[in-house]
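Visitor: How does the following fold in three dimensions:
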Amino acid sequence: MENLTWEISDGCAVITGRHEKNSVMIIPPKINEYKVTEIRAEAFTEDNALEVVYINANLSSIGAGAFSFCENLKEINLPHSIKILEEAVFEGCISLESLSLPPELTKISKALCEECSALTSIEIPEKVKVIDQRAFEFCLNLRQVIFCGEVDRIENGAFFLCRRLENFFMPDSVTKTGKEILLGCRKLKQIHLSHSLRRIEAGLLARCKNLTALTIPDSVEVICNGAFAECRSLENFELENFNVRMGVKVFEGCEKLLANTAFVERMEEFLNSTTSIH
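Guide: Numbering: from 1, shown residues only. From the prediction side, this is the model:
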C-alpha cells in the first residue's frame, strides 16, 4: 500500500501509480478506510519492471491505457466486479500470454489487447455485445477465440493480422462488422460467417492465404471491395443468395479460384445479371 499513489474520488480510493517499480504489485481492497474501486488511466503505462499484478480489490473499472506497453507483464487477475475496461488497457503488453476477461463486461474496448503478441487464446464473455476496432489487432500468436454469448458487432480490424488464428466461428447474432476484421489471418483455414450479416465489408478476409472454402450466408446482400483479395488457396466459393451485389476486386489475387474456368464464367454471368457496387 505504501508503494501505491492514490486519490480519493466519491469516497473511494483511485489508484494513480506507484513509487517504486518492483516486479510484483498488489492492489489491496482498501487504502486506510477507503475502498479501492478504480485504477486511473495510464497509471502504470510503460512500467517495464512490472511482471505480476494481484488485484484483491472489488474494482469497477480500469482506465484507458492503465497497463499499456508494460512489456514484461506476464500475469494479471481481473476481478469479476469489473464492468468497464477502457480502451488500450493492455495495448503493447507483449509478454502477456493469457487473460481472463471479467464476466460483467458488455464491450471489448478499442485496442484493448492490441499488440499482445504472446496472447494465445481469448474468451469473449457472455454479456459482450460489441468488440470495438483493433481490439486484438497484431495479436500474432492468437490461436483461439471463444464466443460465450451473442455479440452484435465486430468493428474495424478487430482481429487484424492475428497470423496464427486457424478457426473463427462468428456467432449468428452478429449483424454488422467493420472493415478488415480478419485481414492477414494467413493461417485461417475455417470460418463460419454469421447468418445475420447483410454486408461483407471491404477486406474482411483479405490475405487469408490458407482459407480454402467459403460459404456466403443467404442473409448477405452486399459484398464490398476486395473482401477476399489475396486468398490464394481459396478454391471452393458458394453463394446462398444470388441477389447479392458485389464491389470491385472482390477476388483479386485468388489464384486457385481465378484459374477455375467454370468459376470465372459463373461469376461473369452472375455479375452481368446483378447490380455492382462502387
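
Visitor: Just give me how far stretch 151-164 sits from the chain centre.
Guide: Stretch 151-164 has its average C-alpha position 4 Å from the chain's average C-alpha position, going by C-alpha atoms, centre = their mean, to the nearest Å.

Visitor: nearest residue to F237 other than its sequence neighbours?
Guide: L214 (5.4 Å; C-beta to C-beta, 6 or more residues apart in numbering). (C-beta placed from N, C-alpha, C; glycine too.)

Visitor: Using CSV, write out every CA atom in the helix or strand where that neighbour lies.
Guide: Secondary structure from DSSP states H and E places L214 in strand 213-216. Written as CSV, here are the backbone C-alpha positions of strand 213-216 (Å, rounded to 0.1, in the frame of the first residue of the first chain):
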residue,chain,number,x,y,z
ALA,A,213,-13.5,-22.8,-48.7
LEU,A,214,-16.1,-20.1,-48.1
THR,A,215,-19.9,-20.0,-47.9
ILE,A,216,-21.6,-16.7,-48.0
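
Visitor: ok, residues contacting that strand?
Guide: Outside of strand 213-216, the residues that reach it under the criterion C-beta atoms under 8 Å, 6 or more residues apart in numbering are 190-191, 193, 200, 205, 223, 228, 231, 234-241, 244.

Visitor: Of those residues, keep whichever come out buried.
Guide: Buried members of these, scored by 16 or more other C-beta atoms under 10 Å, are 191, 193, 200, 205, 223, 228, 231, 234-235, 237, 239, 244.

Visitor: quick one: V53 and I76 touch, right?
Guide: Yes: A contact is recorded between V53 and I76 when judged using C-beta atoms under 8 Å, the distance being 4.2 Å.

Visitor: Compare these two (neighbour count), which wins?
Guide: The neighbour count for V53 versus I76, taken as other C-beta atoms under 10 Å, is higher for I76 (23 against 20).

Visitor: Which residues are in contact with the more buried one?
Guide: The neighbours of I76, taking C-beta under 8 Å, 6+ apart as the test, are 52-53, 55, 67, 96, 99.

Visitor: What separation do you get for it and V14?
Guide: 18 Å (C-beta to C-beta, to the nearest Å).

Visitor: same question, C224
Guide: With distances defined as C-beta to C-beta, the gap from C224 to V14 amounts to 44 Å.

Visitor: Show the pLDDT at A262.
Guide: Per-residue confidence at A262 stands at 88 (pLDDT).

Visitor: let me redo that: L112
Guide: With respect to pLDDT, L112 scores 98.

Visitor: so where does the closest residue to it other than its chain neighbours fall, helix or strand?
Guide: If the residues on either side of it in the chain are set aside, L112 comes closest to A135, at 5.0 Å by C-beta to C-beta, 6+ apart. When elements are defined using DSSP H and E, A135 is found to belong to no helix and no strand.
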